[in-house]
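Novice: Predicted model and sequence below, questions to follow.
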Amino acid sequence: MTPTTAPRPTTVFANVRSLLLVAVITFIATSFFAIARAESPIDAAKDEERDALVLTLGTSRPESVDLPSVSRVNVRDARLEPVLPRVRYPWAFEFINESEILLTQHAGKLLHVDLSSGVSKAIEGLPDIAGGTGQMGLLDVALHPDFKSNRRIYLSYAKPYEGSDRYSVLEVVTAVLLGNQLTDTRTLLNYDRYSWAPSNFGGAMTFDDKEYLYVTVGDRGEETGATRRGDRLEGKVLRVTDLGDVPSDNPFVGVEGYDPRVYAVGLRNAQGLVFDSPTGMLVEVEHGPLGGDEVNVIEAGQDYGFPTVSYGGYYADARPFGQGTHAEGTEQPIFYFLPSIAASKVMIYRGPMFPEWNGHIFVTALAGQHVAKLDLDGSVVRSTYAILQEVGGRIRDIKEAPDGSIYILSQTHGLKRLFRPGPPPFSRPRVAPDSSIPPPIQHEDLSNDPFFVRNADSMSVPHPGKALYILACSGCHDPGASAAQDLGDFAAWEPIMRQAPAVTREHVIFGYGDMPPWGFCNSCPIQDVYNAIGYMFEEAQHSRKE
């Protein structure tokens, strides 16, 4: 349980405060180095290398003309191509194989789409689906983990009350897909609390590696506290078997006052849900009220507090919900968005095409009309960037394709594919040709010029790169955050030390992976940055000797 004194999770505002702090530290560091450089053994003429390299490359920060948002996170060779230019009000999609998907249309159609030809065919045999207003309609689609063998799919949707759309309730069915026809349809979620509210159905679905199905149920916008009641399904994550039975190890089995299907409570309108096999994490994205969209790691039996606690407010007058942002016995999100981006779907990337994004969380934004990329380091979000505004429109869904490319579904601009051209392995391109930068000079100790790694005779004085490392680099490298190399891990540093200095300089100047250009030290003289690299190389070599 998270106590009331738990630290606030990462926010966009927290990132701004961190950047301001880094700017202040950088200013102090720059002033210090302007004075101290006269004592450096490095030739002062090398300070001009920054300008020379920029002139050689032709730009201070190369960006893709077509995808500037992705270039700004150090992926400069990606391309975005249309796959289905127009799809009428889509909601979600799922890959059947490398070239086919199932796509839900909110109006109540399920399409079988051939991606290579663009031809789509409507699936027959769907249940009666409510529609006509708000969020009532066909929602999510999921495949059984053993779909190739059993052809079983899962659909969530708004079920009308006795044929009338005036009242509706979330329902989940499973059926076998034979050709373009659904057969053997079974109801998995049978819930009789119909509501007049045309919104907040939830309906996100995902399977774990034990073939258990997780389903989110929205609060239906009633905000009555039912989300934290164990005998109600509103505002919950449910966990059932692939045919709707209750797993014996569900957290509330045998607990008085609780529906045994309940897995977690206290949620609002979770439209995104994904299970990450490498970590075993179940990640939920919650469409908050006025502000306060959340990213939660869902754990068995936990209470996420809504509406008692929230980072959002009432639409009518912006008053905060309940008791504020913390309450004893409730869990905190790992991230929340203020202002709200109208969060929808979520993906954790694990593909080969963008290895620098391995384990990152991607959240689609409806009102924000972008994809939020969250750098997840363990259970901590280290940074967040808004990318893929180039897709256009409200972003409904995002999926990793079998080949590692990323498909993005827009409500108004169709389905698009983000990819790297060329065959695997997908390597990051060089910004500058090798001939434009002096060739490497290798030493027996793996030192690379022009990075200042000292010999034994100069060890009596502090390394000239140590102070800048402490001020600008240690925040990530000391804890090994965001895939930054720990100075005590020589194996992680050895390939960097063996590569051409030109490549290392490129990565530092223009950014690499989650490291920003100049490593947050934009105003530092180039040689001072190189000295910091030399200090890191030296410390890494010491760790090998130890």
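Specialist: Great, that's in hand. Numbers count the residues shown, from 1 in each chain.
Novice: switch to C-alpha atoms for all contacts and neighbour counts from now on
Specialist: Will do.
Novice: gap between residue 337 and residue 363?
Specialist: Noted for residue 337: a distance of 11 Å to residue 363, by CA to CA, to the nearest Å.
Novice: Can you name the residues bridging to the spatially most central residue of the chain?
Specialist: Nearest to the mean C-alpha position of the chain, by CA atoms, centre = their mean, lies residue 361 at 1.6 Å. Counting by DSSP bridges, residue 361 is bridged to residue 348, residue 374.
Novice: ok, now which ones touch it?
Specialist: Counting by CA atoms under 8 Å, 6 or more residues apart in numbering, residue 361 makes contact with 346-349, 373-376.
Novice: Between residue 337 and residue 363, which is the more surrounded one?
Specialist: residue 363 (27 against 22; other CA atoms under 10 Å).
Novice: correct me, but residue 348 touches residue 274?
Specialist: Yes - applying CA atoms under 8 Å as the test, residue 348 and residue 274 come out as touching, 7.4 Å apart.
Novice: What helix or strand is residue 264 located in?
Specialist: strand 262-264 (DSSP states H and E).
Novice: could I get the helix or strand following that strand in CSV with only the CA atoms?
Specialist: Later in the chain than strand 262-264, the nearest helix or strand by DSSP H and E is strand 270-276. The C-alpha coordinates for strand 270-276 follow below in CSV (Å, rounded to 0.1, in the frame of the first residue of the first chain):
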residue,chain,number,x,y,z
ALA,A,270,-9.4,2.7,-18.5
GLN,A,271,-9.3,2.5,-22.3
GLY,A,272,-5.8,1.1,-22.4
LEU,A,273,-4.5,-2.1,-20.9
VAL,A,274,-1.3,-4.1,-21.8
PHE,A,275,0.6,-7.0,-20.2
ASP,A,276,4.4,-6.9,-20.5
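Novice: Note down every partner strand of the helix or strand following strand 270-276 and its orientation.
Specialist: Downstream of strand 270-276, the first helix or strand assigned by DSSP H and E is strand 281-286. Strand pairing for strand 281-286, using DSSP bridges, gives strand 270-276 (antiparallel), strand 293-297 (antiparallel).
Novice: Turn those into a markdown table, columns for mean neighbour count and distance to residue 539.
Specialist: Listed next are the strands paired with strand 281-286 as a markdown table, based on neighbours: other CA atoms under 10 Å; distance: least, CA to CA, whole Å:
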| stretch | mean neighbour count | distance to residue 539 |
| --- | --- | --- |
| strand 270-276 | 25 | 35 |
| strand 293-297 | 24 | 36 |
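Novice: Now tabulate those strands in a markdown table and tack on mean pLDDT and distance to residue 171.
Specialist: Shown next, in a markdown table, are the strands paired with strand 281-286 (pLDDT from 0 to 100; distance: least, CA to CA, whole Å):
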| stretch | mean pLDDT | distance to residue 171 |
| --- | --- | --- |
| strand 270-276 | 97 | 14 |
| strand 293-297 | 97 | 23 |
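Novice: Columns distance to residue 398 on top of these, output as CSV?
Specialist: Shown next, in CSV, are the strands paired with strand 281-286 (distance: least, CA to CA, whole Å):
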stretch, distance to residue 398
strand 270-276, 10
strand 293-297, 16
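Novice: now for the ones you listed, which one comes closest to residue 468?
Specialist: Among the strands paired with strand 281-286, strand 293-297 comes nearest to residue 468, with 34.5 Å by CA to CA.
Novice: mind showing which ranges of the stretch 401-546 of the chain have poor pLDDT?
Specialist: 423-450, 452-453, 455-457, 545-546 (pLDDT under 70).
Novice: mind redoing it with 90?
Specialist: Flagging of the stretch 401-546 of the chain using pLDDT under 90 yields the residue ranges 421-462, 464-465, 471-472, 474-476, 478-485, 490-534, 537-546.
Novice: Any figure for the gap between residue 256 and residue 328?
Specialist: To residue 328, residue 256 is 22 Å away according to CA to CA.
Novice: The biggest strand by length in the chain - contacts with which helices or strands?
Specialist: As assigned by DSSP state E, the longest strand anywhere in the chain is strand 164-178. In terms of contacts (3 or more CA pairs under 8 Å, 6 or more residues apart in numbering; DSSP states H and E), strand 164-178 is packed against strand 152-161, strand 181-189, strand 202-207.
Novice: can you pick the most crowded of the contacts of residue 361?
Specialist: residue 346 (27 neighbours).
Novice: still on that earlier bit, what sits up against the strand holding residue 264?
Specialist: Residues from elsewhere that reach strand 262-264, judged by CA under 8 Å, 6+ apart: 230, 233, 236-239, 250-252, 298-304.
Novice: Mind doing that once more with 7 Å?
Specialist: Contact with strand 262-264 is made by 236-239, 250-252, 299-303, as judged by CA atoms under 7 Å, 6 or more residues apart in numbering.
Novice: quick one on the thing from earlier: compare residue 256 and residue 328 (neighbour count), which wins?
Specialist: Each of residue 256 and residue 328 has its neighbours counted (other CA under 10 Å); residue 328 has more, 13 against 10.
Novice: Please tell me how far the more buried one sits from residue 303.
Specialist: 10 Å.
Novice: ok, and which of the helices and strands packed on strand 164-178 has the densest surroundings?
Specialist: Ranked by mean neighbour count, the helices and strands packed on strand 164-178 are led by strand 202-207 with a mean of 27 (mean count of other CA atoms under 10 Å).
Novice: could you give the mean pLDDT of it?
Specialist: Taken as a whole, strand 202-207 has an average pLDDT of 98.
Novice: Grab the nearest non-local neighbour of residue 198.
Specialist: Once flanking residues are discounted, residue 198 sits nearest to residue 134: 5.0 Å by CA to CA, 6 or more residues apart in numbering.
Novice: ok, now residue 405?
Specialist: Closest to residue 405 by CA to CA, 6+ apart is residue 419, at 4.9 Å.
Novice: Please look at that neighbour and residue 77 and confirm they touch.
Specialist: No - between residue 419 and residue 77 there is no contact under CA atoms under 7 Å: 8.7 Å.
Novice: returning to what we had before: name the nearest of the contacts of residue 361 relative to residue 71.
Specialist: Nearest member of those to residue 71, counting by CA to CA, is residue 373, at 13.2 Å.
Novice: give me every residue that touches the closest one.
Specialist: Residue 373 neighbours (CA under 7 Å, 6+ apart): 360-363, 384-387.
Novice: run the last query once more with 6 Å
Specialist: Contacts for residue 373 (CA atoms under 6 Å, 6 or more residues apart in numbering) come out as 361-362, 384-385.
Novice: looking at this, residue 468 is in a helix?
Specialist: Yes - assignment of residue 468 by DSSP: H, G, I helix; E, B strand; the rest coil places it within a helix.
Novice: Need the nearest residue in space to it, chain neighbours excluded.
Specialist: In space, residue 468 is closest to residue 532, 6.1 Å off (CA to CA, 6+ apart).
Novice: Could you measure from the one you found over to residue 493?
Specialist: Remark: distance between residue 532 and residue 493 (CA to CA) = 14 Å.
Novice: Looking at those two, which is more packed in?
Specialist: Counted by other CA under 10 Å, residue 532 and residue 493 do not tie: residue 532 has more neighbours, with 24 against 18.
Novice: Now do the residue nearest to residue 468 against residue 205, distance only.
Specialist: For residue 532, the distance to residue 205 (CA to CA) stands at 47 Å.
Novice: repeat for residue 268
Specialist: 15 Å.
Novice: Same check on residue 255?
Specialist: Taken as CA to CA, the span from residue 255 to residue 205 is 25 Å.
Novice: can you check residue 491 too?
Specialist: From residue 491 across to residue 205, the span is 40 Å (CA to CA).
Novice: on that earlier part again, out of the contacts of residue 373, which is most surrounded?
Specialist: Busiest of those [other CA under 10 Å] is residue 362, holding 24 neighbours.
Novice: Return the residues in contact with that one.
Specialist: 346-347, 372-373.
Novice: what's the closest of these to residue 278?
Specialist: residue 347 (13.6 Å).
Novice: In JSON lines: the contacts of strand 262-264, plus distance to residue 83.
Specialist: Shown next, in JSON lines, are the contacts of strand 262-264 (distance: CA to CA, whole Å):
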{"residue": "236", "distance to residue 83": "35"}
{"residue": "237", "distance to residue 83": "33"}
{"residue": "238", "distance to residue 83": "34"}
{"residue": "239", "distance to residue 83": "34"}
{"residue": "250", "distance to residue 83": "41"}
{"residue": "251", "distance to residue 83": "43"}
{"residue": "252", "distance to residue 83": "44"}
{"residue": "299", "distance to residue 83": "37"}
{"residue": "300", "distance to residue 83": "39"}
{"residue": "301", "distance to residue 83": "41"}
{"residue": "302", "distance to residue 83": "40"}
{"residue": "303", "distance to residue 83": "40"}
